[in-house]
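Q: Got a predicted structure here, sequence first:
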Amino acid sequence: MPAKRRTRSPSVDALDQLDSARMQLQRASTSIHARTQAMHLRQSILRDAIETSKFTYLHEVKGHRSCINALAFSRGSGQWMASGGDDMRIHIRDLYDYHDSQSSAPEASMYRTRARLLGHTSNIFSLAWSENNTHLFSGGNDHMVHCFDLNYDAAPIDAFQLRAERRMPDMSFSEHNAGIREVSAHPTHPSLVMTSSDGGQVFVVDVRLPSPHVAQAFLFPGQVASAQWNPRDTHAFAATCSHDPYAAAALYDVRHASHLVSSSDALVRYVSQLRAKLPAGLAMARPDPTGAQFDPSGRFLVTDMSLFHPTLYAVDSSMPLATMSSVAAHPHTNPCTKPDTTVYRPNAGYRNSCTVKRGSFGFEAQAGALYYTAGSDDFRGYGWRIPHIQDLLDARTSMPYNDWIMHETAGSNEVWFRYALHGSDDMVRPLELAQPVFTLEGSNSIVNSTLCHPTMPMIATAGIERLVRLHYATPMSSDHMHPAWPTRRPNTRQRPRLTNMTALLRAIQRRPHIPSDSDTETDDQAAASPASRAPTSAELADQEAISLFDELLREEEDRSLFSYQDIDTENDTDTDPDMQSIWDSESDMHVDLDALEFLLEPDEESIETDEEDE
């Protein structure tokens, strides 16, 4: 008789299944915990590197022939860097293809040049990659927006050419009636780009539509210095415009904004009216906006303003959270301090007066902390660590305007913001981040653009020079590992007391460079032989631009945010949108160009030389 087969009860099977599931969950929890710990460790190491090394390692990327106004990293991994400027050409560099051996050539790039994009006939001011990196958009002073169909991410490696390709635009948009200030690619739609101009026009361009490709059009009553999509809201965009007497920037919704935009169309207006109590009386100012930048998460917005500091806002709130400066190390940069041009300050601290600056956020995903970087007139870039939003809110001070007027100390030699919207009339003192956590050194003139890389601990800077400088928080080449690197690395140039008049005169009479098919970044290499290191034509052009802006900076030294005039506090109202501050005035030129006119007429020999160069 066969033995009976023992069967397990359903309850025992259920318990075994529960035990197995519990063990799997425990292993998964342990794995998640380990991964989380590893992520936090990596973030901590990188954060320490950022704030300890302070981006001391750098590479200089050559190839342009004049000032560089625009930078853009491709989305995702950031493999491709686009740069454009006054030479009317766009260079596409492969940041994953670095060659140490090329660094010795005078004008060669250490990063392989994938393409040179032509088509603009004037200075290029803005660049943007589409959401999937298939298109690069560019805008310039020629009123044109160009679209280049690239899609390098999809190209096989073995299909790459050794020589850089030359490309003309695949699509051009010519509806603007003034110079383009910014192009902003849509965060999720690869065919959409927003364009803004000096003429107050903002267009949403769809490259799929027939010419003129306009999906939406908005007209602002003044110059639009910047118009940028919110990276986390596909319908919202921020625009900086000087028409609003209360706010330098505002948030709009493309679905609800009127064709003729007014202040009432704004979802949020970011207040920028400034007040301070100075020895001469109550001072007022409304700084001129030069741009606005979202952080990658779309939580914060920073406005850059002439003669003032980058100002941080929460996207959904009108009142500022913080201002960023170097006042702790350079007290003379306090906007309430009257400029003293008798004191020579080669290390002037953060200042934004002479050129348009564009900063950027970065490193939150890599380092677990958010940073903002901006260029400065003192030939440096500056970086600030952004505190947690609750800490920013807790540190902010506010009081009714009338109480502020009567208060003995509030506003005394310090800048407050006036919030006079929606029936309120309050004064707000945001947190002042007065000590940058790092500076970006090595430049010879003004830094206009600073751009944080999306994945690497790297910041690209550009400005008056023909170079893009890549600053790293960690060593990235054999040069960086050399014991002598601290003495080899380029130092920041100190602006001299006197301008190089020879270079300045050359700059005044120089004719603009017209790009041609023969232009390559190696054209100038023969001009600098190993035996006699004569400057290349690009280096001479650099000297001229640097000298020109040295003189412009000297003209700007006595400009200040406040006018230092007595103001009747009883008649202090904000109904007049034409409030004047010192940035509206112009000082006399130090160089009398009329007196030098006889020196500016090019002789026949110089004309023949220029024609040969072209």
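A: In hand now; what should we look at?
Q: Next up, phi/psi of the residue nearest to M305 when sequence neighbours are not counted, please.
A: Leaving aside its chain neighbours, M305 sits nearest to P287 (3.5 Å; criterion: C-beta to C-beta, 6 or more residues apart in numbering). (Glycine included, C-beta is placed from N, CA and C.) Phi and psi for P287, reported as degrees, to the nearest 10, are phi -60, psi 150.
Q: so who does P287 touch?
A: By C-beta atoms under 8 Å, 6 or more residues apart in numbering, the contact set of P287 is 248, 272, 274, 305-308, 561, 581, 583.
Q: Now the buried members of the residues you listed.
A: 248, 272, 274, 305-308, 561, 581, 583 (16 or more other C-beta atoms under 10 Å).
Q: Just these: which are in strands?
A: 248, 274, 305 (DSSP state E).
Q: any idea where the helices of the stretch 301-450 of the chain begin and end?
A: Assigned by DSSP state H, counting those that start in this stretch, the helices in the stretch 301-450 of the chain fall at 364-367, 389-395, 401-406.
Q: Can you show me the helices along this protein?
A: 10-53, 364-367, 389-395, 401-406, 478-481, 485-488, 501-509, 537-556, 604-613 (DSSP state H).
Q: Which of these sits closest to S376?
A: Of all those, helix 537-556 sits nearest to S376, with 11.1 Å by C-beta to C-beta.
Q: which parts of the closest one are buried?
A: So, applying 16+ other C-beta under 10 Å, buried residues of helix 537-556: 538-556.
Q: Just the terminal-to-terminal distance for stretch 442-458.
A: 15 Å (C-alpha to C-alpha, to the nearest Å).
Q: quick one on the thing from earlier: among the helices of the chain, which is nearest G349?
A: Of all these, helix 537-556 sits nearest to G349, with 13.3 Å by C-beta to C-beta.
Q: tell me which strands and helices that closest one is in contact with?
A: helix 501-509 (3 or more C-beta pairs under 8 Å, 6 or more residues apart in numbering; DSSP states H and E).
Q: tell me the mean pLDDT over the helix it packs on?
A: Regarding helix 501-509, the rounded mean pLDDT is 76.
Q: And stretch 127-138, by the same measure?
A: For stretch 127-138, the per-residue pLDDT averages 96.
Q: Mind putting the helices of the chain into TSV with distance to G463?
A: Output for those, formatted as TSV (distance: least, C-beta to C-beta, whole Å):
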stretch	distance to G463
helix 10-53	22
helix 364-367	25
helix 389-395	30
helix 401-406	38
helix 478-481	23
helix 485-488	22
helix 501-509	16
helix 537-556	9
helix 604-613	24
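Q: okay, those, which one's buried deepest?
A: Across those, averaging neighbours per residue (mean count of other C-beta atoms under 10 Å) puts helix 537-556 on top, at a mean of 20.
Q: quick one, it and helix 501-509 angle?
A: With axes from the mean of the first three to the mean of the last three C-alpha atoms, to 10 degrees defining the directions, helix 537-556 sits at 100 degrees from helix 501-509.
Q: so how far is helix 537-556 off the chain centroid?
A: Distance, stretch centre to chain centre, for helix 537-556: 21 Å (C-alpha atoms, centre = their mean, to the nearest Å).
Q: returning to what we had before: tell me the least confident of the buried ones among the contacts of P287?
A: Lowest pLDDT among the buried ones among the contacts of P287: W583, 27.
Q: Can you pull the phi and psi angles for R396?
A: phi -80, psi 140.
Q: Tell me where the stretch 251-400 of the chain has strands.
A: For the stretch 251-400 of the chain, the strands defined by DSSP state E, counting those that start in this stretch cover 268-271, 274-278, 281-285, 289-294, 300-305, 311-314, 320-324, 360-362, 370-375, 381-386, 397-400.
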